[in-house]
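S.K.: Sequence first, then the predicted structure, then my questions.
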Amino acid sequence: MPEQKQVLWEDAAQPVTIQAWRAANGQVFDDERAARYAGCTHVACEDCGKPAPRGYVFCADCRERRRRERYAALPRRPWDGRTPVAEYLSDRFFYSWEEVEDCEEPPLLVHCRPCPVPQLDLLDFLCDWAIPDEEPDVPQSAWAAVAALNTALKTMEGQVWEPTDEAVEFPATEGESDER
Ligand SMILES: [Zn+2]
């Protein structure tokens, strides 16, 4: 015979008081940390404590300092002045010394290497927008269109380049430090 389960009536529930947090944007949370974050526009920079926009760990100054520190640690070699170079951690490319010299601030440059023609990844592309399903119900016609696009891209002429983690060494000029 199955064991008799204890009978619990609805009035077995007891009232409890919980502390809730109202975020600066009006949302209410039972978690203090979530509420503090939800309503904030800035957080304290983990390095210096100055305001960093929400979504960032470090303030703009510290992000730039860290970028320059990482760049300084890269292996480096001179540029032939012909192959493309790129600004470190950006999508800005340069094809000649003249273009580099036109910059207000000397950019931190890395060498580029030849790479295959880029292909569009449809799910990767869609995930830049909020789509509720983890596996969005993409119409078959869209898959076919992207496959056709990727096939066409492969016939594109000309070399495609991508940035590397190898810094461009500038020739030291007189009266100028070679710190960059
Ligand atoms: Zn900072």
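M.R.: It's in. Numbers count the residues shown, from 1 in each chain.

S.K.: got the buried residues for the lowest-mean-pLDDT helix or strand in the chain?
M.R.: Ranked by mean pLDDT, DSSP states H and E, the weakest helix or strand in the chain is helix 122-126, scoring a mean of 87. For helix 122-126, the neighbour count (16 or more other Cβ atoms under 10 Å) marks L122 as buried. In this view, the C-beta of every residue, glycine as well, is placed from N, C-alpha and C.

S.K.: Ok, stretch 19-37 next?
M.R.: Here stretch 19-37 shows 21, 29, 35 as buried, counting by 16+ other Cβ under 10 Å.

S.K.: Over to stretch 139-148?
M.R.: V146.

S.K.: what is the mean pLDDT for that stretch?
M.R.: Stretch 139-148 shows a mean pLDDT of 95.

S.K.: Show me what it is in contact with.
M.R.: 120, 122 (Cβ atoms under 8 Å, 6 or more residues apart in numbering).

S.K.: ok so, going back, which other helices and strands contact the least confident helix or strand of the chain?
M.R.: Helices and strands touching helix 122-126, by 3 or more Cβ pairs under 8 Å, 6 or more residues apart in numbering; DSSP states H and E, are helix 140-154.

S.K.: and the next element down the chain from the helix it packs on?
M.R.: strand 160-169 (DSSP states H and E).

S.K.: Quick one: work out the angle between that following strand and helix 140-154.
M.R.: Inter-element angle recorded for strand 160-169 and helix 140-154: 60 degrees (by axes from the mean of the first three to the mean of the last three Cα atoms, to 10 degrees).
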